[in-house]
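Asker: missing the sequence, but the structure's below:
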DNA sequence: CCATGATAGTTCACGGGTAAATCATCATGG
DNA sequence: CCATGATGATTTACCCGTGAACTATCATGG
């Protein structure tokens, strides 16, 4: 109980600093935003470590997982829309992934402008090893919450997310 | 009520895809993680837009806000620890910020190896304009939550954050 | 069946981030 | 009071991401 009262974390210290400099700004709503950003950053860092051991980038994994969960070869254009990254970036990533033997490019027969990208067996095995480990990391992050709290957290986040980007629905 | 049942969002669709490919993996804990990452990404995008209008980068703003909320000139080394970015990055950012007239460098008198970085008036005014707008964005994101729900969300996130990085406390 | 515009990807040029090497200054202990 | 190692910041070299220009192919309408 007192432990809650005394649990001043980094984010609250930052807020206290702002309160001194800009006392007329109510920074209370920034609490949630700051924690969300920080949690996301820490999850990303954990993942990046995992990937570095396999000489892989977060962005590269995005391409691999898009292919894996779709379950069929994808056009380069489909990968740009699924990942939200511009075409030039995808071209470069595919170059690297192809060099690493995780992916294969083939010209689309019907439309020879197009490129069909497929996971190699090695690429598929890599995703199947990395993805569950990532899920496990995220599960571990929630360890201090009860089942009901986890559900409530998920619900509240969904509400916020819908407000931020209605098109996601 | 039914609206909840039918509100299948992007994240749940991705989960459904994984369930087809890797049915033995329980992806339920990844829900919270995925939403946190997505919300953080959308908040960052909003902020980046705001900054682009002033020819500023998120990373550059981090330097400016560190200076502003501390309220005194900082050593370059202090900025690296506060931002978590390596020294080489900070040197480059300070070059740009100095060129833009937002920051000034001066050799530290006591220790001539060191550099003292200070906001210019222009830099300070810029932060004082941008920071409240960022808070406002984050407030708007929470608009669909009651006051109690906001508090609960903050509390749950704090628990997760403490688990992920106990040193934050 | 062209000619012309649209479309899919790639190439180019450039900017930012970073680890490692480097430079300048400081602190110390002999 | 040096010499030597430690420390603070910068420079260098390289990687990645990205908008814009470019190339190859397709689709169409005359």
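Answerer: In hand now; what should we look at? Just so it is clear, the structure is predicted and the values come from calculations on it, not from any experiment.

Asker: can you give me the helices in chain A?
Answerer: A:2-6, A:10-21, A:30-52, A:58-70, A:76-83, A:87-99, A:121-141, A:147-164 (DSSP state H).

Asker: looking at those, which is closest to residue B:47?
Answerer: For residue B:47, the closest of the helices of chain A is helix A:30-52, at 9.7 Å, according to CB to CB. Quick note: C-beta positions are derived from backbone N, CA and C, even for glycine.

Asker: Pull out the buried residues from the closest one.
Answerer: Across helix A:30-52, burial judged by 16 or more other CB atoms under 10 Å in any protein chain shown covers A:30-40, A:42-43, A:46-47, A:50-51.

Asker: just stretch A:80-93 next, same as before
Answerer: A:80, A:82-83, A:85, A:90, A:93.

Asker: again with stretch A:21-29
Answerer: A:21-22, A:27, A:29.

Asker: Same check on stretch A:128-137?
Answerer: For stretch A:128-137, a neighbour-count test (16+ other CB under 10 Å) marks A:130-132, A:134-135, A:137 as buried.

Asker: ok, and what's touching that stretch?
Answerer: Here stretch A:128-137 makes contact (CB atoms under 8 Å, 6 or more residues apart in numbering or on different chains) with A:43, A:46-47, A:50-51, A:54, A:56, A:61, A:65, A:68, B:18, B:22, B:25-27, B:29-30, B:33.

Asker: what sits against residue A:74?
Answerer: A:66-67, A:82, A:116-117.

Asker: Mind listing the residues bridging to it?
Answerer: Beta-bridge pairing of residue A:74 under DSSP bridges involves residue A:117.

Asker: what about it, distance to chain B?
Answerer: 13 Å (CB to the nearest CB, to the nearest Å).

Asker: For that residue, give me the pLDDT.
Answerer: Looking at residue A:74, its pLDDT stands at 98.

Asker: and the residue lying closest to residue A:29 once chain neighbours are set aside, what pLDDT?
Answerer: Once flanking residues are discounted, residue A:29 sits nearest to residue B:139: 3.6 Å by CB to CB, 6 or more residues apart in numbering or on different chains. Note for residue B:139: predicted pLDDT of 96.

Asker: Run the chain-centre distance for stretch A:17-29.
Answerer: Distance of stretch A:17-29 from its chain centroid, counting by CA atoms, centre = their mean, to the nearest Å, is 30 Å.

Asker: what mean pLDDT would you report for that stretch?
Answerer: Stretch A:17-29 comes out at a mean pLDDT of 95.

Asker: Now tell me what touches it from outside.
Answerer: A:15, B:68-71, B:128, B:131-132, B:135, B:138-139, B:142, B:150.

Asker: Does residue A:123 touch residue A:117 like I think?
Answerer: No. In this structure, residue A:123 is not within contact of residue A:117 by CB atoms under 8 Å, at 10.1 Å.

Asker: and for those two, which residues touch both?
Answerer: Listed as contacting both residue A:123 and residue A:117 by CB under 8 Å, 6+ apart are A:67, A:103.

Asker: Report the contact partners of residue A:56.
Answerer: A:126, A:130.

Asker: Would you quantify the distance from it to chain B?
Answerer: 18 Å.

Asker: Give me the pLDDT value at that residue.
Answerer: 96.

Asker: How about residue A:1?
Answerer: For residue A:1, the model assigns a pLDDT of 46.

Asker: which one is the residue nearest the centre of chain A nearest to, not counting chain neighbours?
Answerer: The residue lying closest to the centre of chain A (CA atoms, centre = their mean) is residue A:44, at 6.8 Å. Of all residues not flanking residue A:44 in the chain, residue A:58 sits nearest, at 6.7 Å (CB to CB, 6+ apart).
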